[in-house]
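# Prediction below, plus the sequence it came from.
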Amino acid sequence: MHATRREPTASLRPIRPGDFGVPQARHLLRRAGFGAPEAEAKRLAAIGPREAVDQLLDFQRIEAPPEDIGAFERDIMRPRSPAERAELQRARRAQDEDTVDRFRRLRMQAQRADRRQMRAIQQWWLMRMIDSPRPLEEKMTLFWHSHFATSYRGVESSWHMLMQNRLFRDNATGSFAELLRAIIRDPAMLGWLDNHRSRRQNPNENLARELMELFSLGLGAYSEADVKDGARALTGYSFEHNDFVFRRNWHDGGSKRILGMSGTLDGDDFVQAILEQQACAEFLAAKLYRFFVADLPAHLPDTPRAARTVILSLAATLRSSDYQIKPALRRLFLSQHFYDSANMQSRIKSPAELVVGMVRSLETPVRSVDTLLDAMETMGQRLFFPPSVAGWDGERAWINTSTMYVRQNIAAYLLTGRRPAGRRRRVDQAPYDPAPLLGEAPRDNPDAVCAQLLRAAIGEPVGAALWEQTERFRTLSEFAQRHGPRMTNEHLVALLALIAAAPEFQLC
């Protein structure tokens with residue numbers, strides 16, 4: 001999948017405007033979003049790197065798409081009222097099985113309705129990723145979703161999952177410190193990690209452990225004593241229906257020591273102790289680097305020199321800005337390191353990046369949102385259902401013989417309307433016009449058409465100055481020459497389908 005690559009520059013100095021062309025703009029759009037049409041890449045290249053990065057980062061200047069969550073119900077999984085609980089208790093004491101069964105059936109009906117709503121929320125978010133004029137906002141929402149990984153399977157409240165998704169979007173490039181303080185009050189997270197029942201008599205350690213291990217510090221940066229006292233600090237952090245509540249009579253108000261901080265610490269003190277650790281900034285910088293630049297070894301000391309230098313510098317930016325995400329991303333997205341050819345087309349697209357990127361970059365029809373969601377699940381990324389509290393592994397974990405087959409099928413479906421193998425044979429009739437991808441390439445020049453489609457769909461070639469020097473180009477050119485001299489839209493779609501089946505298409 002990956003060509004042999006040299007180590008990139010470690011420079012975080014801004015890229016020179018003269019070095020920022022369409023390939024670099026295309027790279028920025030794919031990493032800081034999900035890609036965009038060629039016309040958008042040309043526009044960003046024309047305005048230069050600083051303005052291009054600012055337009056993506058300062059997305060608050062762009063009118064937000066309508067939130068459009070009014071159709072979703074917040075009370076499907078409401079707890080039983082005091083009157084209902086009393087009635088159920090009387091029925092159990094009286095062995096009134098009809099009444100007990102009625103309550104059981106009502107609960108099952110609510111669960112079925114909630115699962116249907118969760119599916120609708122999945123559809124809503126996928127369409128938001130596809131349509132939003134603020135792509136970095138949605139990309140960061142996806143980042144936080146895997147970072148603070150929470151699954152509906154354990155939460156069993158679609159409204160709680162939706163509110164967590166909103167929390168991530170509201171804090172997309174804001175303060176990590178505020179997000180940590182919010183996550184220990186988030187009903188979805190509290191339910192997922194069983195903290196909502198944690199009392200001073202029996203503290204639950206799940207949230208305290210994952211808060212340090214997976215969300216902020218990493219293994220080796222804390223002790224078991226920190227976990228135990230962290231769990232005590234979080235006792236009483238619970239929720240009632242859809243709202244956070246602090247149950248003071250459940251909270252352990254005794255003296256604790258967490259990460260060197262001592263006192264009658266509560267959850268906010270716990271978070272503050274975490275933020276004061278150098279390991280926190282380095283952990284977060286590494287997660288951002290892995291998401292936006294390139295895969296990394298599990299441990300920072302094993303990271304290649306250039307990447308390690310950049311991560312430590314980004315960590316310093318995070319600390320100096322009180323953990324604001326935007327300044328660190330601005331440094332990264334403007335840096336020579338980010339645009340080094342060794343870092344371009346070096347990441348394997350996640351299923352979301354693959355599907356959303358095809359619609360946004362190649363401007364295909366969406367066709368069926370359900371089909372796209374099903375394909376993403378088969379490829380290993382079911383939105384709102386991360387596989388564990390560690391989130392999705394990503395990179396090479398996305399690729400195996402099964403997922404490659406689905407990746408190629410879903411690409412063909414978006415391009416042609418033909419459903420993936422195993423589905424109904426009906427063809428989606430929504431038309432697709434690939435002509436805008438051609439740019440200035442004339443249809444009666446098959447070689448120019450092939451080169452331009454490769455640039456639009458994949459980017460610049462790795463290991464060659466021009467696509468024309470690659471075996472991939474020669475294969476496409478032979479196909480095009482057989483169907484030339486003038487390429488019809490049908491021929492263009494066929495060429496794109498061949499490109500989408502290439503290993504290089506799986507990279508961004």
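Okay, I see it. Everything numeric in this text was worked out from a predicted model, so none of it was measured.
# element containing the residue nearest the centre of the chain?
By C-alpha atoms, centre = their mean, the chain has its centre lying nearest to Leu142, at 2.4 Å. Assigned by DSSP states H and E, Leu142 belongs to helix 135-147.
# elements contacting the next helix or strand along the chain from that helix?
Per DSSP H and E, the first helix or strand lying C-terminal to helix 135-147 is helix 152-155. Packing partners of helix 152-155 (3 or more C-beta pairs under 8 Å, 6 or more residues apart in numbering; DSSP states H and E): helix 158-170, helix 187-192. Backbone N, C-alpha and C define where each C-beta goes, glycine included.
# what about the closest residue to His145 other than its chain neighbours, how many neighbours?
Once flanking residues are discounted, His145 sits nearest to Phe168: 6.0 Å by C-beta to C-beta, 6 or more residues apart in numbering. Neighbour count for Phe168, taken as other C-beta atoms under 10 Å: 23.
# and what of Ala342?
17.
# picking that back up, quick one: contacts for the residue nearest to the centre of the chain?
Taking C-beta atoms under 8 Å, 6 or more residues apart in numbering as the contact definition, Leu142 lies against Met129, Ala352.
# Confirm for me that the residue nearest to His145 is in contact with Met140.
Yes - under the criterion of C-beta atoms under 8 Å, Phe168 makes contact with Met140 at 7.4 Å.
# any shared contact partners between these two?
By C-beta under 8 Å, 6+ apart, no residue touches both Phe168 and Met140.
# residues touching the nearest residue to Asp243 once chain neighbours are set aside, list them.
Counting by C-beta to C-beta, 6+ apart, Asp243 lies nearest to Pro187, which is 7.3 Å off, once chain neighbours are set aside. Pro187 makes contact with Ser157, His160, Met163, Gln164, His196, Phe239, Asn242, Asp243, Phe244 under the criterion C-beta under 8 Å, 6+ apart.
# One more: Gln117?
Residues near Gln117 by C-beta under 8 Å, 6+ apart: Phe72, Glu73, Ile76, Ser158, Trp159.
# and the last one, how far is that from Ala120?
For Trp159, the distance to Ala120 equals 12 Å [C-beta to C-beta, to the nearest Å].
# Neighbour count: those two, which is higher?
Trp159 (24 against 14).
# Please look at Lys42 and Pro23 and confirm they touch.
No - here Lys42 does not reach Pro23: they are 11.0 Å apart, not a contact under C-beta under 8 Å.
# And the two? Which one has more around it.
Between Lys42 and Pro23, counted using other C-beta under 10 Å, Pro23 has the larger neighbour count: 17 against 14.
# and the more buried one, which of the three is it?
Using DSSP: H, G, I helix; E, B strand; the rest coil, the three-state assignment for Pro23 comes out as helix.
# Test my guess that it contacts Glu460.
Yes - between Pro23 and Glu460 there is a contact at 4.7 Å, judged by C-beta under 8 Å.
# who touches both of these two?
In contact with both Pro23 and Glu460: Met344, using C-beta under 8 Å, 6+ apart.
# pLDDT weak spots in the protein?
Applying pLDDT under 70 to the chain flags residues 1-5, 420-426.
# what are the ranges of the helices in the stretch 251-400 of the chain?
Per DSSP state H, counting those that start in this stretch, the stretch 251-400 of the chain carries helices over the ranges 267-275, 278-292, 305-320, 325-334, 336-339, 351-362, 369-378.
# Out of those helices, indicate the one that is most buried.
helix 351-362 (a mean of 24; mean count of other C-beta atoms under 10 Å).
# quick check: angle from that one to helix 135-147?
Helix 351-362 runs at 170 degrees relative to helix 135-147, counting by axes from the mean of the first three to the mean of the last three C-alpha atoms, to 10 degrees.
# can you give me the strands in this protein?
237-240, 243-246, 256-258, 261-263 (DSSP state E).
# With just CA atoms, put the second one into CSV.
The C-alpha trace of strand 243-246 is given here as CSV (Å, rounded to 0.1, in the frame of the first residue of the first chain):
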residue,chain,number,x,y,z
ASP,A,243,-29.0,15.9,32.6
PHE,A,244,-25.8,15.7,34.6
VAL,A,245,-26.2,15.7,38.3
PHE,A,246,-23.7,15.8,41.1
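# on contacts alone, who are the packing partners of it?
Checking 3+ C-beta pairs under 8 Å, 6+ apart, strand 243-246 ends up next to helix 187-192, strand 237-240.
# Okay, now the sheet partners of the shortest one, with direction.
Going back to what we said before, that points to strand 237-240. strand 243-246 (antiparallel) (DSSP bridges).
# which other residues reach the partner strand?
Arg185, Asp186, Pro187, Leu190, Gly236, Tyr237, Ser238, Phe239.
# measure the residue with the largest distance to the centre of the chain to Leu88 for me?
Using C-alpha atoms, centre = their mean, the residue of the chain lying farthest from its centre is Ala94. It sits 51.4 Å away. Computed with C-beta to C-beta, the distance linking Ala94 and Leu88 is 11 Å.
# got it, and Ala113?
Remark: distance between Ala113 and Leu88 (C-beta to C-beta) = 20 Å.
# So those two - more neighbours on which side?
Taking neighbours as other C-beta under 10 Å, Ala113 and Leu88 compare with Leu88 leading, 17 against 14.
# How about the contacts made by the more buried one?
If you count contacts by C-beta under 8 Å, 6+ apart, Leu88 has them with Arg80, Thr99, Val100, Phe103.
# again, only this time at 10 Å
Arg80, Asp96, Thr99, Val100, Arg102, Phe103, Arg104 (C-beta atoms under 10 Å, 6 or more residues apart in numbering).
# Please produce CSV containing the helices and strands packed on strand 243-246, extended by distance to Arg347.
Conversion of those to CSV gives the following (distance: least, C-beta to C-beta, whole Å):
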stretch, distance to Arg347
helix 187-192, 27
strand 237-240, 36
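# Quickly compare these and say which is most buried.
helix 187-192 (a mean of 24).
# Next, report how far it is displaced from the centre of its chain.
Centroid separation for helix 187-192 versus its chain: 19 Å, with C-alpha atoms, centre = their mean, to the nearest Å.
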